[in-house]
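Q: Fold the stuff below for me.
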Amino acid sequence: MKKITFNAPLNHKAYSYEPMQIEVEKVIPLYGKRFEQMRDHPLDDCPEIIEKGDLMYMKGNTAHCILFLDANGSDGILVEAEGSDYARKSQFIPNARAIVEANDITAGEHQLHAELKAMADRIAELAHTGQKHFIFEDMLGDEDLRVLMIRTVAEMLDRREDLAEVRDHYLGITGQADFTVTAKPTQEMKLYCPLEIQAEPQIYETDWDAPYEDDLEVIPSSCACGCEDEINAAIQKYSEPNEKYRGLMIYYDEDSPINEKIISAFPSVEVRNGELMGVLTCQITEPLTESEMSEFKNQWTGQCSDGYV
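A: Numbering: from 1, shown residues only. Sure, this is the predicted structure:
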C-alpha cells in the first residue's frame, strides 16, 4: 500500500475521542499567511472571527461553527468562538478541503456518476464480446439520463453565490428553454494603484542611440494625464478575446469563493486628483471579507507587476 501523508495534531495520552455534533455555518478560505497565523496562534484575536461571530454558537448538543480553510492547501481549522474574538473552541481538521468538496457534490452528481459508471461498465462488457466502436448517443439510451444531466446542472447552479434564482423546466421540446437563471445584482468596486511614468528621448538618429531601460527618465504621473484615452485604447487593443465578459477574473482560481463574488475585473487608467493612476474596475455581488480583499489586492498587485498588456 502507498504511504498516506497528511498534517494532523497528536494528543498525548488522550483518554477519549468522543465527538460532538457539528454544523458548519460557513466555510471561509484564509489567504496568504492568515491560515498559518491562525494555526500557530489560535488564541490571538482574529478579524475573520470578529466579523462572523454571530454564526458561531451552541444550541443543545450541536456546535454551530465556521470552518476556516487554507486557501493554498488542504487543511482547515474548525472554530466555535463562544462570543470571543479568538478561536476559543477549535480543532485542526486534516484534509478539510476534501470534506468540503464531498459535501458540495449534489444528489444529482452522485446519481449521474453512478449512471456514467454503469455506462462505462456496459461498454467494457461489450468490448469483451468483440465490439470495438461505440456511439455515445446510442449508449445514452432513453431520455432519463439527459433529464438527470439537466437537473444536475440546475442543482449546481442553485448552489452558486452569484445567482439569485435558478429554475429548470425541461419539457423535451426543441427550442424551449431548459433553465431560467437570474443573476444577483452587482455593484461597482474600484482599486487604484500609482503608476511610474518613464519618458525617453523623442528623437534619436539610429537604433543604436535608443536608450536602455536604465536611461529612461521617470517623470511625474501628472505629466501623462493627457494620455489617458490613448493608454486605455491600447489596453483594449491588447486584451485577449476570452477576457471580454470577465476581464482578468478568467485567470483567477475557479474554486475560490472570490471568483463568484467578483463577476468581472477590468484594468484601465484614470485621472484622479490631477494624477494618472492605474485602476481595476470590478463588478461584485457582495463585499469581500478582510482576508479575501487582502488576497485579491495581492493578485492585482501581481498582475500590475507582470504587466497585463
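Q: Pull the residues that contact the worst-scoring helix or strand of the chain on mean pLDDT.
A: Within the chain, no helix or strand scores below helix 136-140, which has a mean of 76 by mean pLDDT, DSSP states H and E. Identification of contacts with helix 136-140 by C-beta atoms under 8 Å, 6 or more residues apart in numbering yields 119, 122-123, 146. Where you see a C-beta, it was placed from the backbone N, CA and C, and this is true even at glycine.
Q: What is the nearest of those to L276?
A: In terms of C-beta to C-beta, no member of the contacts of helix 136-140 lies closer to L276 than R146, at 54.5 Å.
Q: That closest one: what secondary structure?
A: helix (DSSP: H, G, I helix; E, B strand; the rest coil).
Q: just the one 5 residues further on next, same as before
A: Per three-state DSSP, the local secondary structure of R151 is helix.
Q: What's the local residue count around it?
A: Using other C-beta atoms under 10 Å, R151 has 18 other residues around it.
Q: Now the closest residue to it other than its chain neighbours: which helix or strand?
A: Nearest non-adjacent residue to R151, counting by C-beta to C-beta, 6 or more residues apart in numbering: G108, 5.2 Å away. According to DSSP states H and E, G108 maps onto helix 107-127.
Q: same check, this time on C304
A: helix 290-306.
Q: outside of that helix, which residues touch it?
A: With contacts defined as C-beta under 8 Å, 6+ apart, helix 290-306 is touched by 28-32, 34, 47-48, 51, 71, 191, 193, 248, 252, 257-258, 261-262, 265, 267, 278, 280, 288.
Q: From the residues you listed, keep the buried residues only.
A: 28-31, 34, 48, 71, 191, 248, 252, 257-258, 261-262, 265, 267, 278, 280, 288 (16 or more other C-beta atoms under 10 Å).
Q: taking the residues you listed one by one, which sit in strands?
A: The strands, defined by DSSP state E, take in 28-30, 191, 262, 265, 267, 278, 280 from the buried ones among the contacts of helix 290-306.
Q: out of the residues you listed, which one sits closest to K2?
A: Of all these, P29 has the smallest distance to K2: 28.6 Å, by C-beta to C-beta.
Q: Tell me which residues touch the residue lying closest to the closest one once chain neighbours are set aside, please.
A: Computed as C-beta to C-beta, 6+ apart, the closest residue to P29 that is not its neighbour in sequence is A71, at 3.9 Å. A71 is in contact with 29-31, 35, 256, 295, counting by C-beta under 8 Å, 6+ apart.
Q: gap between A71 and L195?
A: Distance of A71 to L195, given as C-beta to C-beta, to the nearest Å: 29 Å.
Q: what about the host helix or strand of A234, average pLDDT?
A: Element membership of A234, judged by DSSP H and E, is helix 228-238. Across helix 228-238, the average pLDDT comes to 90.
Q: quick check, distance from that helix to the centre of its chain.
A: Its chain's C-alpha centre and that of helix 228-238 lie 28 Å apart, by C-alpha atoms, centre = their mean, to the nearest Å.
Q: Please apply the same query to stretch 191-198.
A: Averaging C-alpha positions (C-alpha atoms, centre = their mean) puts stretch 191-198 26 Å from its chain's average.
Q: tell me which residues in it are buried?
A: Using 16+ other C-beta under 10 Å as the test for burial, stretch 191-198 gives 191, 195, 197.
Q: so how far is M189 from the residue nearest to P29?
A: Using C-beta to C-beta, A71 is found at 20 Å from M189.
Q: again, but for A124
A: In terms of C-beta to C-beta, A124 sits 52 Å off from M189.
Q: Comparing the two, which residue is more hemmed in?
A: Legend: neighbour count by other C-beta under 10 Å for A124 and M189, higher for M189 (17 against 9).
Q: what's the more buried one in contact with, if anything?
A: Counting by C-beta under 8 Å, 6+ apart, M189 touches 262, 281-284.
Q: Can you tell me the element it falls in?
A: Counting by DSSP H and E, the element that carries M189 is strand 187-194.
Q: got the CA positions of that strand in CSV?
A: What follows is strand 187-194, C-alpha atoms only, in CSV (Å, rounded to 0.1, in the frame of the first residue of the first chain):
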residue,chain,number,x,y,z
GLN,A,187,-22.2,47.0,-7.5
GLU,A,188,-19.0,48.6,-8.7
MET,A,189,-15.8,48.5,-6.7
LYS,A,190,-12.6,50.2,-7.9
LEU,A,191,-9.0,49.6,-6.8
TYR,A,192,-6.4,52.3,-7.5
CYS,A,193,-2.6,52.0,-7.8
PRO,A,194,0.1,54.5,-8.6
